[in-house]
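A.B. asks: I'll drop the sequence and a predicted model, then ask my questions.
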Amino acid sequence: MINITRRQAFGLLGATALAPALPPVLGPVRPAGAASRREPVWETLVPTSSFADYASFHRAWNYLYPWGNTHNGAAKMYGSATDHSQVSLSGGVLTLKATRLARADGQAASDPKAPIWYRSGAVHAKELIVIDDRFPEYEIRGEFRTQTGRGIWPAFWIAGADSVWPPESDILEYVGDSINLFNTFSDHDRNPQTKETVERTPVDLTVPGEGSGDPGAPRDPGAWHSYRVNIVKTSATDVALNYYLDDVFYGSPAHHVGRNWVGVPMNLIINLQMGSWSSFTEDKPWTSPDWPTQPGPSGDTFFRARNVSVSRGRA
């Protein structure tokens with residue numbers, strides 16, 4: 001969730017039909033040509049126990065974004081070893097809380113420089129993700145429950161750690177509604193001035209039975225669901241990304257492709273952003289008359305995570 005063209009891209013792709021869900025699978029969907037390689041030896045970088053207590057959390061996670069306390073939305077992030085007002089732990093669950101302010105508190109540092117109307121929380125893993133010859137496969141997963149609706153923008157995602165964008169992978173992203181966006185952002189030469197390549201698979205949890213196996217039951221983002229991505233090196237430069245929601249594989253129609261991702265360090269981030277594109281559907285939300293007030297929930301909003309883990313396969 002790092003580039004300001006996110007909502008523009010979504011608008012262009014909004015007419016595309018939702019990708020059909022495939023039957024549940026027990027492991028990663030191997031891209032063509034990958035089946036013959038030797039299976040990696042797996043090791044854990046972030047254990048599922050990292051939210052068990054604050055000592056475990058501080059070993060694996062840092063507070064805020066890797067670059068600071070604001071990004072491209074209407075929330076300023078807070079959190080530290082002594083301030084748990086917006087980032088807290090209880091019973092193995094990480095809770096990020098966004099709180100509406102009585103008045104705007106400046107503006108975000110990144111375009112489109114939204115006015116800050118919320119205090120909220122973000123954390124990022126201390127371990128970087130680097131897909132290369134030594135570690136050609138990663139799996140990132142977690143269980144989440146979140147409020148959704150206008151002005152709410154939670155995400156579980158990875159992005160380049162050296163300020164070069166893309167790459168980006170959104171494993172969980174709800175932008176003002178109940179449609180989770182599996183996004184993969186790439187470009188062809190890692191030049192931030194070039195136009196990015198976007199692959200997007202939306203999963204509408206309000207559609208009865210989509211991917212759930214129960215044709216009569218829609219899913220609620222406010223209940224616990226599992227989200228994960230399996231990333232596999234497929235060439236000297238590229239990777240395949242396989243996305244799952246509740247252990248059902250989603251693609252477009254197959255795996256996504258991360259172009260020029262090999263060897264690029266990436267941060268894993270969990271954040272509860274607010275406002276900005278989660279409040280507006282037009283390509284240029286800053287032109288809306290509602291932009292100065294960033295409409296959204298008037299009280300507290302919550303995004304919760306548990307059993308988050310990162311593992312990698314050594315070749």
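C.D. replies: Cool, the structure landed.

A.B. asks: got the phi/psi numbers for residue 59?
C.D. replies: The phi/psi pair for residue 59 (degrees, to the nearest 10) reads phi -70, psi -30.

A.B. asks: Is the closest residue in space to it that isn't next to it in sequence in a helix, a strand, or coil?
C.D. replies: Excluding its sequence neighbours, the residue lying closest to residue 59 (Cβ to Cβ, 6 or more residues apart in numbering) is residue 50, at 7.2 Å. For the C-beta atoms, the positions are set from N, CA and C on the backbone; glycine is no exception. The three-state assignment at residue 50 reads helix, by DSSP: H, G, I helix; E, B strand; the rest coil.

A.B. asks: Now do residue 50 against residue 127, distance only.
C.D. replies: Distance, residue 50 to residue 127, by Cβ to Cβ, to the nearest Å: 10 Å.

A.B. asks: These two: who's more crowded?
C.D. replies: Per other Cβ atoms under 10 Å, whichever of residue 50 and residue 127 has more neighbours is residue 50, with 22 against 15.

A.B. asks: dump the residue contacts of residue 87.
C.D. replies: Taking Cβ atoms under 8 Å, 6 or more residues apart in numbering as the criterion, residue 87 is in contact with 63, 78-79, 94-97, 121-123.

A.B. asks: Put the alpha carbons of stretch 248-266 into CSV.
C.D. replies: This file holds the C-alpha atoms of stretch 248-266, laid out as CSV (Å, rounded to 0.1, in the frame of the first residue of the first chain):
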residue,chain,number,x,y,z
VAL,A,248,-8.1,-21.3,-0.7
PHE,A,249,-5.8,-20.3,-3.5
TYR,A,250,-6.6,-17.1,-5.5
GLY,A,251,-4.8,-16.0,-8.6
SER,A,252,-5.4,-14.2,-11.8
PRO,A,253,-6.0,-17.0,-12.8
ALA,A,254,-2.6,-18.5,-11.8
HIS,A,255,0.2,-17.2,-9.5
HIS,A,256,1.2,-13.5,-9.7
VAL,A,257,4.6,-12.6,-11.0
GLY,A,258,7.1,-10.3,-9.1
ARG,A,259,9.4,-9.0,-11.8
ASN,A,260,12.9,-8.0,-10.8
TRP,A,261,12.2,-9.0,-7.2
VAL,A,262,15.2,-11.3,-6.7
GLY,A,263,17.8,-10.0,-4.3
VAL,A,264,15.7,-7.0,-3.3
PRO,A,265,15.3,-6.6,0.6
MET,A,266,11.7,-6.1,1.7
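
A.B. asks: Okay, buried residues for that stretch please.
C.D. replies: 248-252, 255-262, 264, 266 (16 or more other Cβ atoms under 10 Å).
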